[in-house]
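Peer 1: Below are the sequence and a predicted model for it; my questions follow.
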Amino acid sequence: MTSLISPATSDRAAKVMLWVSASISILTLLFILGYIVVQGLPVLTLSFLLESPRLSGAEGGILPAIVGTFCLMLVTLLSAVPIGIGAAIYLAEYAHEGAVTRIISFGVECLAGIPSIVIGLFGYAFLAIYLGFGFSILSGGLALMFMILPWIVRVSEESLKAVPSGLREASFALGATKWQTVSRVVLPTAIPGITTGVILGIGKAIGETAVIMFTAGSSLLMPTSLFDPVRALPYHLYILASEGISDKMAYGSSVVLLVMVLVINLAAVAIQRHYGRHHVRN
Amino acid sequence: MSEIEIESRNLDLWYGSAQALKEITMAMPEKKVTAIIGPSGCGKSTFIRCINRMNDLVKDCRITGELLFEGTNIYGNSVDAVELRKKIGMVFQKPNPFPMSIYDNVAYGPRVHGLRNREELDRIVEESLKASALWNEVGDILDRSAIDLSGGQQQRLCIARTLAVKPKVILFDEPCSALDPISTAKIEDLINTLKHDYTIVIVTHNMQQAARVSDHTAFFLLGELVEFGKTKQIFELPEKKSTEDYITGRFG
Amino acid sequence: MKTNERIIELLLFLSAATAVTIVALIIIFLLKEGLPVLVKVGIIDFCLGMKWNPIAIAGEPSYGIFPMIVASFYVAIGSLIIAVPLGLACAVFLAEIAPSWARSILKHAIELLVGIPSVILGFVGLVLLVPFIRDHFGGWGFSILAGSIILAIMALPRIISISDDAIRSVPREYKEASLALGATHWHTIRKVILPSARSGIVAAVILAMATSIGETMAVLMVVGNTPILPTPIYDILDPVRPMTSNIVLEMSYATGDHASALFATGIVLFIVVAVLNVISHRALKSKMGTRR
């Protein structure tokens, strides 16, 4: 290959190009975030956060949507955590290599790959209609659980597997049973990693829209029971924007949603940092 | 001559299709220290891990022959490995304290076996730490994390943790291989004290250590027991050529 | 004691089996709801039919989703055309030339980007990108182009982080050998590092495609909703309707065969995404295979 450009020049040109690419990515992100924050911040008042919407959300606040999101997250958390950690314990500590274990792991992988709208459709057909939960907090929360379950299983499994095997041996050598070893030594040692994973899972679920559209409903009233429909914040944002109800309110909702996600992610990082110092791995 | 505590009769062990132990027959007397020496890969660790059935945790591990503890075959159907391990404790190659407080480490065993009484636990923790010569160093920092201790202290903590379960036998699997000479000396002193109350089996790759701490010595090579006898005799007048070669440092 | 342990193990096993059970239920319920229309219309006619007219005022309704399958692939491939070069460049930047401060900024930016809910990206696309395209390129603004750009932003973090991992797992010796032969850093990256990391990168790209095809909210808000092929077919300024949008847009009022057709759309979507996921997995596995 003959080239008029010297290798040194092309090396330098390529590096400039890489710097530019990285900068474009970061600037795009900053632009998106900056735009939303600049547009949405003026909307953020106490009454926006603490009032119910009027005129389909064109005026008033977003309190029911915040409460709705909170309720959904609670159901998701309460269902996903025990099942997810239980599954992870089984896979990391109990499972023997074999067909059954392979099928279970395959199931987790599969579930992780299913598009959220398909989970939404399933939630509608199975939870809302077949089980008769209707459009409700329960249906929406469980559907979201289906979505984040694989994530929680995977993160927890990794955290459990990172526990040094010497600790298990020590416990067994003291005459502890399998479950005593798992519950008193392995699980506590893995808890920081698992907690971080669970929190990040909630961070994924909180902004999810397609899953809850046909499961949680879109009521703007305050829920009074598990079987009441709610409109989660991201869905509220979608309706405000796509039906052209109010861009102003949509910006405000976006900022609130962003702040929620940010706080959740920062909490996860903080936990990781805090326990990282004490974590043993020699 | 004291009573026999542990006796191995024609013990064979396979990992999958590879035989790791061949026809091991030897008897370990009560309240004495029995050392097992040999080059790495000779099966000495595998053997010691048979005694408290830690090999149960290894997949594809198959054992034939008999291993008697107090006259009962521990691989018999009626024996519960969990119960057995309460009587036969183990200290591992690498100090492996749990990532919890010093107190909780020592109290772990008794708690697992159902003890809840705080005063009783306090007493056991103190006794065990005194017996493992650690009380003077950690007596007033019991709620500190065990991870903050030095390697030697961690290993003595692991010994205390084992003592707290009140076993009859303590198995040491190369307990000093990760430690400095001073910590090693402390552990050896400790073993010399502990043998008045416990039957001890220690695996070591350090021949001087075997000579210093043990009453009997077994020499393993390629999964076979080459020679077993009084430590003094093994080191001064070995019967087999390979034992002599190993002890004089011609291989290993 | 023993029975306790057994019960606990059983409970753990049941938890572990939950995911498989859910997947099985998803398949069962999609089929239960979607099969009637698939049988009635015929799978071929459903997938290759050009006309989507579920509520016919006069005459028979028709259920053909070919334009939507095309639309799904169109926006997904469009997003890859934008995101792959950019993402790869960022990954090379991260793995090879970034000073630590730049690395940490980019890493944090990626994490932040992953966290932004797709509905917010869709909203930003709706208020910024769509008018921008309308004003500067013509057309409605709601377009394949807009969908591709928003999806590219979503795909970027995934492509960067998997490619970064793939590049990092290239043995140092390869790089050192090349540099020692007098090759420039860039030459080494192009001729040694990227080819060695290829299968990992391919896996990342296919996975990104699967995710893009399955993505709903962000696309929905910017891509328009006309269930016909763009005319001419290469017109990226035309609005289209991907499969995911089809489900969202009509599910709230669909009944009978119409609802069934939407579930059938879900079945097709499910299969397409599953196939892509499997291919991506294979690519990643074969990478592991070649390196012990």
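Peer 2: Now that the structure is in, tell me what you want to look at.
Peer 1: Local confidence estimate at residue B:190?
Peer 2: Here the pLDDT value assigned to residue B:190 is 93.
Peer 1: got it, and residue A:2?
Peer 2: 51.
Peer 1: Check residue A:276 too.
Peer 2: So residue A:276 comes in at 63 (pLDDT).
Peer 1: in the stretch 51-200 of chain B, which spans are strands?
Peer 2: Here the stretch 51-200 of chain B has its strands, by DSSP state E, counting those that start in this stretch, at B:61-69, B:72-73, B:88-91, B:169-173, B:199-203.
Peer 1: Now render the ones you listed as JSON lines, adding mean pLDDT and mean neighbour count.
Peer 2: All C-beta spots, glycine's among them, are computed from the backbone N, C-alpha and C. Below are the strands of the stretch 51-200 of chain B laid out as JSON lines (pLDDT from 0 to 100; neighbours: other C-beta atoms under 10 Å in any protein chain shown):
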{"stretch": "strand B:61-69", "mean pLDDT": "91", "mean neighbour count": "17"}
{"stretch": "strand B:72-73", "mean pLDDT": "91", "mean neighbour count": "14"}
{"stretch": "strand B:88-91", "mean pLDDT": "94", "mean neighbour count": "26"}
{"stretch": "strand B:169-173", "mean pLDDT": "95", "mean neighbour count": "25"}
{"stretch": "strand B:199-203", "mean pLDDT": "95", "mean neighbour count": "26"}
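Peer 1: Relative to residue C:280, which of these is closest?
Peer 2: Among those, strand B:61-69 comes nearest to residue C:280, with 37.6 Å by C-beta to C-beta.
Peer 1: In PDB, could you pull the C-alpha coordinates for the closest one?
Peer 2: Coordinates of the C-alpha atoms in strand B:61-69 are reproduced here as PDB (Å, rounded to 0.1, in the frame of the first residue of the first chain):
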ATOM      1  CA  CYS B  61     -15.000 -37.700  44.600                       C
ATOM      2  CA  ARG B  62     -15.300 -41.400  45.500                       C
ATOM      3  CA  ILE B  63     -13.900 -43.100  48.500                       C
ATOM      4  CA  THR B  64     -13.600 -46.800  49.400                       C
ATOM      5  CA  GLY B  65     -12.100 -48.500  52.400                       C
ATOM      6  CA  GLU B  66     -12.700 -47.500  56.000                       C
ATOM      7  CA  LEU B  67     -11.800 -44.500  58.100                       C
ATOM      8  CA  LEU B  68     -12.600 -45.100  61.800                       C
ATOM      9  CA  PHE B  69     -13.100 -42.400  64.300                       C
END
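Peer 1: Pull up the pairing partners for it, direction included.
Peer 2: Applying DSSP bridges to the sheet, strand B:61-69 is found paired with strand B:4-15 (antiparallel), strand B:72-73 (antiparallel).
Peer 1: Same list, these, but as a markdown table with distance to residue A:274 please.
Peer 2: Listed next are the strands paired with strand B:61-69 as a markdown table, based on distance: least, C-beta to C-beta, whole Å:
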| stretch | distance to residue A:274 |
| --- | --- |
| strand B:4-15 | 41 |
| strand B:72-73 | 49 |
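Peer 1: Tell me which of these is the most buried.
Peer 2: Highest mean neighbour count of the strands paired with strand B:61-69: strand B:4-15, a mean of 18 (counted as mean count of other C-beta atoms under 10 Å in any protein chain shown).
Peer 1: Who are the packing partners of the very next helix or strand once past that one?
Peer 2: Scanning forward in sequence from strand B:4-15 by DSSP states H and E, the next helix or strand is strand B:18-29. Secondary-structure packing of strand B:18-29 (3 or more C-beta pairs under 8 Å, 6 or more residues apart in numbering or on different chains; DSSP states H and E): strand B:4-15, helix B:44-51, strand B:199-203, strand B:216-221, strand B:224-230.
Peer 1: To residue A:108, which of the ones you listed lies closest?
Peer 2: Closest approach to residue A:108 among the helices and strands packed on strand B:18-29 (C-beta to C-beta): strand B:4-15, 30.3 Å.
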